[in-house]
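Enquirer: I'd like to go over a predicted model; first the sequence, then the structure.
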Amino acid sequence: MALTGVAALGGLTAIAGTKKAPWWTDRGAHGSDPAWIEPPVDTIATPAPPSPTATATGTLPSRQEIISRYGTRTPHYWGLHPDSSWSTFPTDTSLTRNSACLTFDACSDSSGYDERLINTLREHHIPATLFVNQRWATTHRQEFESLVADPLFEIGNHGTNHRPLSVSGRSAYGIAGTKDVAEVYDEIAGMHTWMATNYDLRPRFFRPGTAHADNVATQVSRAMGEWIVMFSVNGDSGATASANQVYQQFLLLRPGGILLAHFNRPGSGTAAGVERALPALTARGLRFRRLDHVLPAATSPEQPPRW
């Protein structure tokens, strides 16, 4: 059951019907729901991304190097599932079989901290990947440090200023995106460098503000050593969904799925919905993994699934 009539907030898509992303593996095994495919601007195929200049444990390439390599490229896609990004993962290994990933975003400095949600994950021993924006992390420094210290959680990069990732100035939900390759670099590198400098963290995964990116920006992110990760299930519609709606959305999660929700809106229905959904999903036999547990196990990770 999908959410209906839930407005977008904070750059996340309102769900209005039964559109869902297809699973990376055999879609037929999981039902006949239509694929969620964002139409590209044109039909020119995107070349496979080059070998990354940086790795999760290495040094970022220079800003000028990235500008020189990607500055003249023209994007042909803008949306939720660009080439060279992940929205699902393969389930053909013993580790990933019957597994799914929960990811939670913290988007801005003016929002709060959903302690109830984080405590629920801890009480149920549910690992998750947390995508954190730099503005939120600096405003909620104590909470951020407690999450960094907890091995249950992986910290992902949610950008420096929570901007959609565009090389041509595209916007999403009224939020202005980066306007060129230089600003794409800054949006990724600012938070990456802040985490590396202060906590010796070098994130492997990046989620842009509003979960929108073009295909050139995803190539830039990959060259900087960070995979862009989107989602197959919108768990709380920008933290505007009721507890029951969150519960129903979580029940859509299947093996190979990546769910997106939020932990920066303590007044939302997210925590209550998650409390109800987790026992139902674990009773189904679904196991939860962090992104870094499942994506390295993927076959040919240089070419993630196309949308």
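Expert: Okay, I see it.

Enquirer: quick check: the gap between the residue nearest to Ser171 when sequence neighbours are not counted and Ile228.
Expert: Nearest residue to Ser171, sequence neighbours excluded (Cβ to Cβ, 6 or more residues apart in numbering): Gly177, at 5.2 Å. In short, each C-beta sits where N, CA and C put it, glycine included. Distance, Gly177 to Ile228, by Cβ to Cβ, to the nearest Å: 14 Å.

Enquirer: check His125 too.
Expert: 28 Å.

Enquirer: hang on, the earlier thing: check contacts around the residue nearest to Ser171.
Expert: Arg163, Pro164, Leu165, Ser166, Gly169, Arg170, Ser171, Thr210, His212 (Cβ atoms under 8 Å, 6 or more residues apart in numbering).

Enquirer: contact partners for the third one?
Expert: So the one you mean is Leu165. Here Leu165 is in contact with 159, 177-178, 184, 187-188, 208-209, 212-214, 217-218, 221, 228 (criterion: Cβ under 8 Å, 6+ apart).

Enquirer: among those residues, name the ones in strands.
Expert: Members of these lying in strands (criterion: DSSP state E): Ala213, Asp214, Ile228.

Enquirer: dig out what the first one forms beta bridges with.
Expert: Here Ala213 sits in beta bridges with Gly79, Leu165, going by DSSP bridges.

Enquirer: neighbours of it, how many?
Expert: Neighbour count of Ala213, defined by other Cβ atoms under 10 Å: 35.

Enquirer: that one against Trp227, yeah?
Expert: No: using Cβ atoms under 8 Å, Ala213 is not in contact with Trp227, being 11.6 Å away.

Enquirer: can you give the strand pairings for the longest strand anywhere in the chain, parallel or anti for each?
Expert: Determined from DSSP E, the single longest strand within the chain is strand 99-106. Using DSSP bridges, strand 99-106 pairs in its sheet with strand 128-132 (parallel), strand 258-262 (parallel), strand 287-289 (parallel).

Enquirer: where along the stretch 151-300 of the chain do the helices fall?
Expert: 181-199, 215-223, 243-250, 270-283, 291-294 (DSSP state H, counting those that start in this stretch).

Enquirer: highest mean neighbour count out of those?
Expert: Here the criterion is mean neighbour count by mean count of other Cβ atoms under 10 Å, and of the helices of the stretch 151-300 of the chain the winner is helix 215-223, at a mean of 27.

Enquirer: what angle separates that one from helix 181-199?
Expert: 30 degrees (axes from the mean of the first three to the mean of the last three Cα atoms, to 10 degrees).

Enquirer: what's helix 215-223 packed up against?
Expert: Using 3 or more Cβ pairs under 8 Å, 6 or more residues apart in numbering; DSSP states H and E, the elements in contact with helix 215-223 are helix 63-70, helix 181-199, strand 227-229.

Enquirer: how much space between the residue in the chain sticking out farthest from the centre and Ala189?
Expert: Distance from the C-alpha centroid of the chain, by Cα atoms, centre = their mean, peaks at Ser68 (27.2 Å). Distance, Ser68 to Ala189, using Cβ to Cβ: 16 Å.
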